[in-house]
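A.B. asks: what's the 3D shape of this:
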Amino acid sequence: MKRLIYALVLSVSLAGCANNRPPNLSPAGNAAFTQMQVQKALDTIRDIVQDGNATQPPVFSTDTARKVTQWHKIAIVTVHTASQGWQKTLEQSLGDVVVSLPLPERQRIAPYVQLVLQLIQVVQS
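C.D. replies: Numbers count the residues shown, from 1 in each chain. Got it, this is the predicted structure:
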């Protein structure tokens, strides 16, 4: 239940932040603002998996934490270096890493993945 509440609060805050850009941003400022919002969501997925791996008993395996952390590093570089097309690349890579996880862990992380996918849809429009 706590995860559901956290997911709901995070989705509302991320969706709200994605549309409330500071006034008078240049095109470069708009791009940087969008990148930062997406990075925060990606950081959330990584942090949840790493924290879940550190609990006793672990909620996420070390292998899952390693996969998500490696994906996170690549995703951050992609978001900040690609000027166009990073949204589709990010969606695809996130889908690939989630499919590679064991089913119980995939189900645990699914709400957070959905939040990131929703945020990507918001910033694409």
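A.B. asks: From now on I want contacts and neighbour counts done on CA atoms only, so please keep to that.
C.D. replies: Fine.
A.B. asks: helix, strand or coil for the residue positioned nearest the centre of the chain?
C.D. replies: Among the residues of the chain, the one closest to the centroid is residue 42, at 2.9 Å (CA atoms, centre = their mean). Following DSSP: H, G, I helix; E, B strand; the rest coil, the label given to residue 42 is helix.
A.B. asks: Who are the contact partners of it?
C.D. replies: Contact partners of residue 42, counting by CA atoms under 8 Å, 6 or more residues apart in numbering, are 72, 75-76, 116.
A.B. asks: at 7 Å instead, please
C.D. replies: residue 72 (CA atoms under 7 Å, 6 or more residues apart in numbering).
A.B. asks: ok, it to residue 91 distance?
C.D. replies: 11 Å (CA to CA, to the nearest Å).
A.B. asks: For the two, list the residues in contact with both.
C.D. replies: By CA under 7 Å, 6+ apart, no residue touches both residue 42 and residue 91.
A.B. asks: Report the distance from the host helix or strand of residue 74 to the chain centre.
C.D. replies: Per DSSP states H and E, residue 74 falls inside helix 62-81. Per CA atoms, centre = their mean, to the nearest Å, the displacement of helix 62-81 from the mean C-alpha position of its chain is 10 Å.
A.B. asks: That one packs against which elements?
C.D. replies: helix 27-54, helix 86-99 (3 or more CA pairs under 7 Å, 6 or more residues apart in numbering; DSSP states H and E).
A.B. asks: what's the closest of these to residue 68?
C.D. replies: helix 27-54 (6.2 Å; CA to CA).
A.B. asks: Against residue 105, how distant is residue 77?
C.D. replies: Residue 77 is 25 Å from residue 105, by CA to CA.
A.B. asks: With neighbour numbers in mind, choose between these two.
C.D. replies: Comparing residue 77 with residue 105 by other CA atoms under 10 Å, the one with more neighbours is residue 105, at 15 against 12.
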